[in-house]
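Enquirer: From the sequence below, what's the structure:
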Amino acid sequence: MVFIEQPAAWLCWDFHTLFEEDANVSLAAPKTSLVVAPNVPVFDLPIHVALEHGLFAKRGLEVTFSETYSQAGYSNPDAFKRQKESLYERRQADAYNLCEWAGLDRSERSGRGSQVQALRPAVVAQVILSFDPAIQELRDLAGVAVGINQFTGSHYTTLQFLDGALAREDIVLSHVGEPLLRYEALKRGELRAAALMEPYVSLALKEGAHIIGVNFYRGAEVVAPDLPATLRNAYLEAINEAADLINADFDRYKHYIVEPIKDRLAVHELARTFVRYAHSRPMDEARFAYTYEWMRGWQLTPGASEFSSLVVA
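Expert: Residues are numbered from 1 along each chain as shown. A predicted model of the protein is given here:
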């Protein structure tokens, strides 16, 4: 594989007594709040829907986003300087979601410590697209730089796609970063192919691109290992219920996904084809072993960790 980098005063109060009482209450009360670092809206949709319908509050949880999703903070070459990872590492968030492979990678390298809690509800396609009529199938990508965001789903799924269709030495990846920049480089012809997810797939097809390959994949819910199990399980129950609502009326929630490019893609133009939502489920030991060995084969991990250290059993 070839990889190309692109670039007040208190009156008559016994303060000591009050402080002591408050401390005792906080020590006895279980933690019920969780702060989430934001990801691309198509992946975070179940969280948005759960917030809209009060599904966390129904379970006694207070869930908030640490800040608004920013494309500009999505693709720093150093993964731990990206928005969601840096918020988590600085303890400004307790959890976030990302692709399965990256969930293991970040948990393995986290300075704070993290684990994969489960496979996330979002089952989203990374789609290799092209405007170039000379590129019609995966075999046509031999020696052709495919635009990706390094160490994210676009990176890993492209390796999965092309390993088998091409010799490894013919696989060329180009780190372009955030999806809108990747799409614009594709449209200008600076890239002949790029891996993208929604809403950029619908935008590309609207503007004349064609599909070379589609790969649906599950992502991972990464959580702080010190969060109580009751909180983690209630959180997953809420986003699973949200997934059911999305599946029952996807059109009602499309606007969340379209938001980053709402000036270029109308809500009704977002396809239903390239995104699905299912209940989160555990990453079992067999799946971990297969995924981890695949990562090792691509030198994406030193391969020195155990299932129990990277995954919530």
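
Enquirer: tell me the contacts of residue 232?
Expert: Contacts here follow CB atoms under 8 Å, 6 or more residues apart in numbering; on that basis residue 232 touches 117, 223, 312. Using the backbone N, CA and C atoms, a C-beta is placed for each residue, glycine as well.

Enquirer: Make CSV from those and add pLDDT and distance to residue 82 to it.
Expert: Converted to CSV, the contacts of residue 232 look like this (pLDDT from 0 to 100; distance: CB to CB, whole Å):
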residue, pLDDT, distance to residue 82
117, 96, 20
223, 90, 18
312, 94, 23
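
Enquirer: Let me know the pLDDT of the closest residue to residue 67 other than its chain neighbours.
Expert: What sits nearest to residue 67 in space, not counting adjacent residues and going by CB to CB, 6 or more residues apart in numbering, is residue 38, at 6.7 Å. For residue 38, the model assigns a pLDDT of 97.

Enquirer: do you know how far residue 38 is from residue 265?
Expert: Separation of residue 38 from residue 265 (CB to CB, to the nearest Å) stands at 20 Å.

Enquirer: In the chain, which residue is most central in space?
Expert: With distances taken as CA atoms, centre = their mean, residue 98 lies nearest the centre of the chain, 2.6 Å away.

Enquirer: To what extent is residue 92 buried, counted in neighbours?
Expert: 12 (other CB atoms under 10 Å).

Enquirer: same thing with the one 4 residues further on?
Expert: A count of neighbours around residue 96, defined by other CB under 10 Å, yields 26.

Enquirer: Pretty sure it sits against residue 40.
Expert: No. Using CB atoms under 8 Å, residue 96 and residue 40 do not qualify as a contacting pair, with a distance of 11.2 Å.

Enquirer: lowest average confidence, helix or strand, in this protein?
Expert: The helix or strand of the chain with the poorest confidence is helix 15-28; it has a mean of 42 (mean pLDDT, DSSP states H and E).

Enquirer: Now the element after it, going C-ward?
Expert: strand 33-36 (DSSP states H and E).

Enquirer: which residues sit against that following strand?
Expert: 44, 47, 61-66, 92-96, 227, 231, 235.

Enquirer: what's the lowest-pLDDT member of the residues you listed?
Expert: residue 227 (93).

Enquirer: State the number of residues packed around the nearest residue to that residue once chain neighbours are set aside.
Expert: Sequence neighbours aside, residue 94 is the residue nearest to residue 227 in space, at 6.0 Å (criterion: CB to CB, 6+ apart). When neighbours are counted by other CB under 10 Å, residue 94 registers 24.

Enquirer: before we move on, what about the one 5 residues further on?
Expert: Look at residue 99: counted by other CB under 10 Å, it has 24 neighbours.
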